[in-house]
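Enquirer: Sequence and predicted structure are below.
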Amino acid sequence: MKPSAQRRSNIVIAALFLGMLLLPGIVWLIEPATSYSVQERKKLVERPSLPRSLGALAMFPSQYETYVAEHVGLRDPLLALEARLHLLLDDSPTPKVVVGRDGWLFLGESLNHHRNVGPVPEHRLQNWLATQLANNRWLATRGIPYFIVVAPDKHTIYGEFMPDRVRALDGPSGFDGAVAALASHDNLKFIDLRRDLINAKTKARLYHKTDSHWNARGADIAQHRIAIELSRDFPTLRPVLYADSFDTIAASGRGGGNAQMLYSSDRIRELDVPVLRDTNYLCPTKPNASPSFSVRGDCVTMSKRCERRPVENPFELGDRRNLQYGDAFEMNCDDSPVDATLLVFRDSFFTQLVPFLSAYFTRTIYIWSQPIPEYRDFFVRAYAPDAVLYERVEREAFPSPRVPGMMGYLSKQPSSNRGASR
């Protein structure tokens, strides 16, 4: 190659290299700022303020480095590329998601629970139990029954699809210990859904593979058990199981939340999605478009005989940290068998139960929050419910002890499910 040609080639290579270095910064300047990562499901670090003291000055470089790392241009496409390379090796690019067998994706935080690394810490269990007993006493003085529901995590029902290298230790789980503690108080109305779900899973899949939640069939099994327990206080309630009333959509438009955290919701789609015939659980992104997988409450279209109304929140409690998404609404079903009002404190697992449970009562109020005293007192006095139900997912109701290096443990175990079908 002639010197002039070699020189031109070197200039082109250098220009391309410089362009690759500058491109993320250019994109960063052009793209609108964002404060939340949908894929990672977390709030992004805000730009640190200029230091005003020597201590703040010492911390400023690391704070700004973290800020740049979370906001630099092309971050999402680059992370998506990294995720695809990991998934080719049947590995997870993030500790937030565990790649299980046969295309099952689990939350990383479920590892501690699945392995039975330890019981629920006694102080946490006692604090949680004391709160439930206090709620029960407060409501009992007003003649209002109080029901407690814990939604089992996916690994509790489908632990056989966890990676082979993640072995559960012998002995009772943290869930078992917590249930035993609850059972020692006869006055608590605790609803354990595990047996119903485990028995029913032999007939149909009850949880989403690409999300952490149960699907509509799993919600049907859960609502049926809840309705049975509620009927002990409301004799006119006749529990209905909709097992033969489902259609199946071959594939959703996108995968669920676990696939989303792998930056792969466009590639790993939810298959065989059950849909109740008179209720739409899927949310079209636009008219005539294929439906997208979703478990969010604002995507649920109710049966025609029920009317959904927003519940205004006329009070402020500091940063309102316990009332998530402002998601408070009521369902009014005029021809329901129980002429009563049910107040539900819930989390995201209850979203799929809303169509089922609402049909039993003339009025059901849903509050996305825990029943802390301020909210409990306000909503009970404002809406005079005939019963209160509190639902919480297992990992939040009975948090397991955090074990340092758990993902390190996982990565060091030999994998025997390489090449599992996805």
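Expert: Ah, there it is.
Enquirer: Show me where the stretch 1-150 of the chain has its strands.
Expert: Along the stretch 1-150 of the chain, the segments classed as strands by DSSP state E, counting those that start in this stretch run 36-37, 42-43, 97-99, 105-107, 146-151.
Enquirer: helices and strands around the third one, which ones?
Expert: For strand 97-99, the elements it packs on are strand 105-107, judged by 3 or more CB pairs under 8 Å, 6 or more residues apart in numbering; DSSP states H and E. In this view, the C-beta of every residue, glycine as well, is placed from N, C-alpha and C.
Enquirer: Can you add distance to Ser184 and mean pLDDT and give the strands of the stretch 1-150 of the chain back as JSON lines?
Expert: Output for these, formatted as JSON lines (distance: least, CB to CB, whole Å; pLDDT from 0 to 100):
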{"stretch": "strand 36-37", "distance to Ser184": "42", "mean pLDDT": "64"}
{"stretch": "strand 42-43", "distance to Ser184": "38", "mean pLDDT": "68"}
{"stretch": "strand 97-99", "distance to Ser184": "33", "mean pLDDT": "86"}
{"stretch": "strand 105-107", "distance to Ser184": "30", "mean pLDDT": "89"}
{"stretch": "strand 146-151", "distance to Ser184": "14", "mean pLDDT": "95"}
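Enquirer: so which of those comes closest to Arg376?
Expert: When the strands of the stretch 1-150 of the chain are compared by CB to CB, strand 146-151 sits nearest Arg376, at 9.7 Å.
Enquirer: Show me what counts as buried in the helix or strand harbouring His224.
Expert: Here His224, judged by DSSP states H and E, is contained in helix 216-231. Within helix 216-231, the residues that count as buried by 16 or more other CB atoms under 10 Å are 216-227, 229-231.
Enquirer: Need the contact partners of it.
Expert: Here helix 216-231 makes contact (CB atoms under 8 Å, 6 or more residues apart in numbering) with 147, 149, 151, 157, 189, 191, 193, 196-197, 200, 204-207, 214, 237-243, 246, 273-276, 281, 342, 352-353, 356-357, 360, 387, 389.
Enquirer: thinking again about what came up before, for Phe378, state which of the buried residues of helix 216-231 is nearest.
Expert: Nearest to Phe378 out of the buried residues of helix 216-231 is Leu230 (CB to CB; 23.2 Å).
Enquirer: could you dump the helix holding His224 to CSV, C-alpha only?
Expert: Provided in CSV are the C-alpha atoms of helix 216-231 (Å, rounded to 0.1, in the frame of the first residue of the first chain):
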residue,chain,number,x,y,z
ALA,A,216,-55.3,-15.2,34.7
ARG,A,217,-55.6,-19.0,35.4
GLY,A,218,-53.5,-18.6,38.6
ALA,A,219,-55.6,-15.6,39.6
ASP,A,220,-58.7,-17.7,39.1
ILE,A,221,-57.4,-20.4,41.5
ALA,A,222,-56.4,-17.7,44.0
GLN,A,223,-59.7,-15.8,43.9
HIS,A,224,-61.7,-19.0,44.3
ARG,A,225,-59.9,-19.8,47.6
ILE,A,226,-60.2,-16.2,48.8
ALA,A,227,-63.9,-16.3,47.9
ILE,A,228,-64.4,-19.6,49.9
GLU,A,229,-62.9,-17.9,53.0
LEU,A,230,-64.9,-14.7,52.5
SER,A,231,-68.1,-16.7,52.2
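Enquirer: How about the contacts made by Ala340?
Expert: 234, 361-363, 386-387.
Enquirer: since we're on Pro385, how many residues are nearby?
Expert: 22 (other CB atoms under 10 Å).
Enquirer: Of the contacts of Ala340 - the most surrounded one?
Expert: Most crowded among the contacts of Ala340, counting by other CB under 10 Å, is Phe361 at 25 neighbours.
Enquirer: Show me what that residue is bridged to.
Expert: Val338 (DSSP bridges).
Enquirer: and what of Glu330?
Expert: Beta bridges link Glu330 to Arg309, Ile365, judged by DSSP bridges.
Enquirer: Enumerate every residue touching it.
Expert: Listed by CB under 8 Å, 6+ apart, the contact set of Glu330 reads 308-309, 311, 363-366.
Enquirer: Flag every buried residue along stretch 265-274.
Expert: Result for stretch 265-274 [16+ other CB under 10 Å]: buried residues 265, 268-271, 273-274.
Enquirer: Between the two ends of that stretch, what distance do you get?
Expert: Criterion CA to CA, to the nearest Å; first-to-last residue distance in stretch 265-274 is 18 Å.
Enquirer: Out of the strands of the stretch 1-150 of the chain, which gets nearest to Ala251?
Expert: Ala251 lies closest to strand 105-107 among the strands of the stretch 1-150 of the chain, at 15.7 Å (CB to CB).
Enquirer: what pairs with that closest one, and is each one parallel or antiparallel?
Expert: If you go by DSSP bridges, strand 105-107 pairs up with strand 97-99 (antiparallel).
Enquirer: Quick check: buried residues in the strand it pairs with?
Expert: Buried positions in strand 97-99, judged by neighbour count with 16+ other CB under 10 Å: 97-99.
Enquirer: Quick one: those residues as CSV, columns for distance to Ala168 too.
Expert: CSV is the format used below for those (distance: CB to CB, whole Å):
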residue, distance to Ala168
Val97, 19
Val98, 13
Val99, 18
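Enquirer: Out of the residues you listed, the closest to Leu133 would be?
Expert: Val98 (34.8 Å).
Enquirer: who touches the nearest residue to Leu107 once chain neighbours are set aside in this structure?
Expert: Spatial nearest neighbour of Leu107, chain neighbours left out: Ser212 (5.2 Å); criterion: CB to CB, 6 or more residues apart in numbering. Ser212 sits next to 106-107, 153-154, 256-258 when contact means CB under 8 Å, 6+ apart.
Enquirer: can we see that at 7 Å?
Expert: By CB atoms under 7 Å, 6 or more residues apart in numbering, the contact set of Ser212 is 107, 154, 257-258.
Enquirer: Equivalent analysis for Gly257, please.
Expert: Applying CB under 7 Å, 6+ apart to Gly257 gives the contacts 211-212.
Enquirer: for Pro274, same thing?
Expert: For Pro274, the contacting residues are 215-217, 246, 248, by CB under 7 Å, 6+ apart.
Enquirer: follow-up on the earlier one: what's the helix or strand that the helix holding His224 is followed by packed up against?
Expert: Using DSSP H and E, the helix or strand that follows helix 216-231 in sequence is strand 246-251. On a contact count with 3 or more CB pairs under 7 Å, 6 or more residues apart in numbering; DSSP states H and E, strand 246-251 meets strand 271-276.
Enquirer: Run me through the strand neighbours of the strand it packs on, direction for each.
Expert: Strand 271-276 pairs in its sheet with strand 246-251 (antiparallel), by DSSP bridges.
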